[in-house]
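Peer 1: sequence and predicted structure below; questions after.
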Amino acid sequence: SQEREIARQWVRERLEAASDTLPFSFVYDGQPSREILKGWKLEKSQKRLDENRLSRTLVFQDPATALAVRCESVEYTDYPVVEWTVYFKNEGSQDSPILENIQALDLTLSRTTEDEFILHYFNGGGGGPDGYQPNVSILTAGKQETLRGLNGRPTGRTMSYFNLEWSGQGMLIAVGWPGQWAAGFTRDQNTGLQIRAGQEQTHCKLLPGEEIRTPLAVLQFWQGGNWIRSQNIWRRWMLAYNLPRPGGKLPAPQLAGGIAGYSGLALMFNSREEDHIAFLDRYGKESIPLDYWWMDLGWFILPRSYQKVVGLNDEHEYPLEDLGTYTADYHRFPKGIRGISDYCHARGIKTILWFDPEHIFTGCWQEVKHPEWMLLPPNIPGIEKQINQGLPLENRRVLNVGNPQALDWLNNRIAEVLDKEAIDTYRLDFNIEPLIFWQASDTEDRQGITENHYIQGFLAHLDDQLRRRPDLLIDNCASGGMRNDLETMRRSVPL
């Protein structure tokens with residue numbers, strides 16, 4: 001089609017050779033990438049992933065500091081789509097100069113008619129009345145539209161997917177980054193528009209051997225003046241190449257039942273195994289054919305600081321290793337959650353189990369035994385009273401999954417619990433806004449580095465669970481739709 005040919009021509013011009021039209025940019029040691037890359041060594045390679053996807057790699061290397069810049073792209077020949085991610089690695093023996101203002105996407109467009117650029121974008125999730133509301137911005141001369149994630153969660157304020165139309169054509173743009181991204185659309189005074197998108201803050205040196213990456217950038221080209229048609233092509237591409245396939249199949253529509261929300265059994269804090277059995281039996285008696293049984297917050301042993309927040313007062317004493325480590329409350333669930341799972345599986349019902357493992361309260365085993373794994377809020381007066389995702393910051397931490405030891409523990413522990421409790425769907429929540437925790441851990445010459453390693457660790461965690469359990473379905477929640485960027489959506493689904 002014409003659209004696919006436009007995509008192929010765009011790739012040839014921007015991703016097949018070193019030029020000043022590369023679709024990404026950065027500043028290194030005070031110099032713009034489009035000026036310095038011309039003098040760096042370049043190696044090019046490509047390989048066919050399958051009959052419809054061609055992968056290309058460009059590797060630039062600075063002869064002075066041994067910084068390697070690797071752009072990995074994929075061209076789809078059955079859709080007018082191209083994607084790329086850029087990696088930066090210090091292959092030298094000394095700290096690198098400052099690498100900053102990294103833009104995964106940096107393009108300039110020009111319209112050829114009097115019709116203005118029109119930007120279509122959508123509100124993010126979170127459960128409010130305006131969630132996913134469509135928005136339109138007409139980019140008149142001199143106007144700048146800047147969109148961004150919400151305090152470290154990518155789709156809390158705005159979805160990181162945009163549709164730009166002009167002169168009877170357009171492109172869909174996606175920024176795959178489960179962190180704090182920003183995208184700017186800046187009109188000049190003539191007919192031009194600059195688009196820049198990436199991790200919002202980058203100003204950092206790289207240590208010897210250290211590697212960081214940009215967000216995933218995706219473009220879909222379209223023609224014909226019908227932006228709704230292009231959205232439908234995007235949906236087909238999403239289904240064909242992006243949605244997870246547990247057991248090799250796309251997830252089917254499902255009907256899930258649960259105990260949360262019923263009087264006296266708010267979430268799962270007051271429920272016992274026999275309550276779940278009674279509810280399951282009642283669903284059966286009413287001939288309601290459940291696909292899944294949903295077990296949410298309240299099934300595991302909580303430290304006192306967590307109990308205080310949710311209004312509990314469990315008088316039992318527990319060993320430290322059981323606090324906050326997703327150990328089922330054995331007073332209420334003497335056979336663990338496995339007793340409920342076995343009951344469900346015998347009736348052809350799968351199970352969903354809730355976790356929020358990046359969100360830590362003081363008194364948890366992780367925080368007591370491994371304080372070096374914790375990201376703390378800024379050390380400023382009154383910070384403990386600041387509201388973060390509906391709760392004060394007092395006694396709250398973030399597990400730094402950018403720390404290899406913390407990530408290794410998390411990978412093993414989640415896999416162990418999912419296996420022990422016979423869980424079919426890993427419900428992964430994220431009820432804290434992490435940006436201030438990331439920023440508090442950065443030094444002046446390492447701004448953005450904590451977030452970057454954290455995002456790499458988070459995606460590695462999802463990949464690890466899927467590698468161990470190819471049939472596993474991961475439900476991505478984040479307080480109701482706040483982490484639905486493309487990288488996360490390739491590994492999980494929002495139920």
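Peer 2: That came through fine. What you see is a predicted model; the values in this text were computed from it and never measured.

Peer 1: where's A440, which helix or strand?
Peer 2: Applying DSSP states H and E as the criterion places A440 in helix 435-441.

Peer 1: which strands and helices lie in contact with that helix?
Peer 2: The elements that helix 435-441 packs onto, with contact taken as 3 or more Cβ pairs under 8 Å, 6 or more residues apart in numbering; DSSP states H and E, are strand 374-375, helix 449-468. C-beta coordinates here come from the backbone N, C-alpha and C atoms, glycine included.

Peer 1: wait, which of the ones you listed is closest to G168?
Peer 2: G168 lies closest to helix 449-468 among the helices and strands packed on helix 435-441, at 37.0 Å (Cβ to Cβ).

Peer 1: and the strands in the stretch 201-350 of the chain?
Peer 2: Remark: strands assigned in the stretch 201-350 of the chain by DSSP state E, counting those that start in this stretch are 203-204, 211-213, 216-223, 256-258, 292-295, 350-355.

Peer 1: among those, which is nearest L172?
Peer 2: Of all those, it is strand 216-223 that lies closest to L172, at 4.1 Å by Cβ to Cβ.

Peer 1: which ones are touching the residue of the chain positioned farthest from its centre?
Peer 2: Taking Cα atoms, centre = their mean, the residue of the chain most remote from its mean C-alpha position is K285, at 40.2 Å. Shown in contact with K285 (Cβ atoms under 8 Å, 6 or more residues apart in numbering): no residues.

Peer 1: W294 versus that one, what's the distance?
Peer 2: 19 Å (Cβ to Cβ, to the nearest Å).

Peer 1: and if you look at N135?
Peer 2: 32 Å.

Peer 1: look at those two and report which has more neighbours.
Peer 2: Using other Cβ atoms under 10 Å as the criterion, N135 and W294 rank with W294 on top: 20 against 14.

Peer 1: now the residue most central in space within the chain, what's its secondary structure?
Peer 2: Geometric centre of the chain, nearest residue: P178, 2.7 Å, by Cα atoms, centre = their mean. The three-state label for P178, taken from DSSP: H, G, I helix; E, B strand; the rest coil, comes out as coil.

Peer 1: okay, the closest residue to it other than its chain neighbours: pLDDT?
Peer 2: Nearest non-adjacent residue to P178, counting by Cβ to Cβ, 6 or more residues apart in numbering: T488, 4.8 Å away. pLDDT for T488: 98.

Peer 1: same check, this time on F269
Peer 2: Confidence at F269, expressed as pLDDT, is 82.

Peer 1: what's the answer for the one 4 residues further on, then?
Peer 2: According to the per-residue confidence, E273 scores 95 in pLDDT.

Peer 1: distance of it from D342?
Peer 2: For E273, the distance to D342 - Cβ to Cβ - is 11 Å.

Peer 1: quick one, which of those two is more surrounded?
Peer 2: More crowded of E273 and D342, by other Cβ under 10 Å: E273, with 18 against 14.

Peer 1: that one contacts P334, correct?
Peer 2: Yes. Taking Cβ atoms under 8 Å as the definition, E273 is a contact partner of P334 at 7.1 Å.

Peer 1: residues contacting the closest residue in space to C477 that isn't next to it in sequence?
Peer 2: Closest residue to C477 apart from its sequence neighbours, by Cβ to Cβ, 6+ apart: D429 at 4.3 Å. Residues counted as contacts of D429 (Cβ under 8 Å, 6+ apart) are 297, 354-356, 359, 477-479.

Peer 1: contacting residues for the residue nearest to A422 when sequence neighbours are not counted?
Peer 2: Distances taken as Cβ to Cβ, 6+ apart place S341 nearest to A422, at 3.9 Å, with adjacent residues excluded. For S341, the contacting residues are 351, 421-423, by Cβ under 8 Å, 6+ apart.

Peer 1: check G125 too.
Peer 2: Counted by Cβ under 8 Å, 6+ apart, G125 has contacts 131-132, 155-156, 478, 480-482, 484, 494.

Peer 1: ok, now with 6 Å
Peer 2: Residues in contact with G125 (Cβ atoms under 6 Å, 6 or more residues apart in numbering) are 131, 155, 480-482.

Peer 1: can you select the buried ones among those residues for me in ChimeraX?
Peer 2: With 16 or more other Cβ atoms under 10 Å as the criterion, this ChimeraX line picks the buried residues out of the contacts of G125:
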select :155,480,481,482
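
Peer 1: redo the strands of the stretch 201-350 of the chain as TSV? Include distance to Y28 and mean pLDDT.
Peer 2: Formatted as TSV, the strands of the stretch 201-350 of the chain follow (distance: least, Cβ to Cβ, whole Å; pLDDT from 0 to 100):
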stretch	distance to Y28	mean pLDDT
strand 203-204	11	98
strand 211-213	13	98
strand 216-223	19	98
strand 256-258	50	94
strand 292-295	49	96
strand 350-355	39	97
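
Peer 1: could you dump these to CSV with distance to E13?
Peer 2: Formatted as CSV, the strands of the stretch 201-350 of the chain follow (distance: least, Cβ to Cβ, whole Å):
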stretch, distance to E13
strand 203-204, 30
strand 211-213, 24
strand 216-223, 13
strand 256-258, 48
strand 292-295, 48
strand 350-355, 45
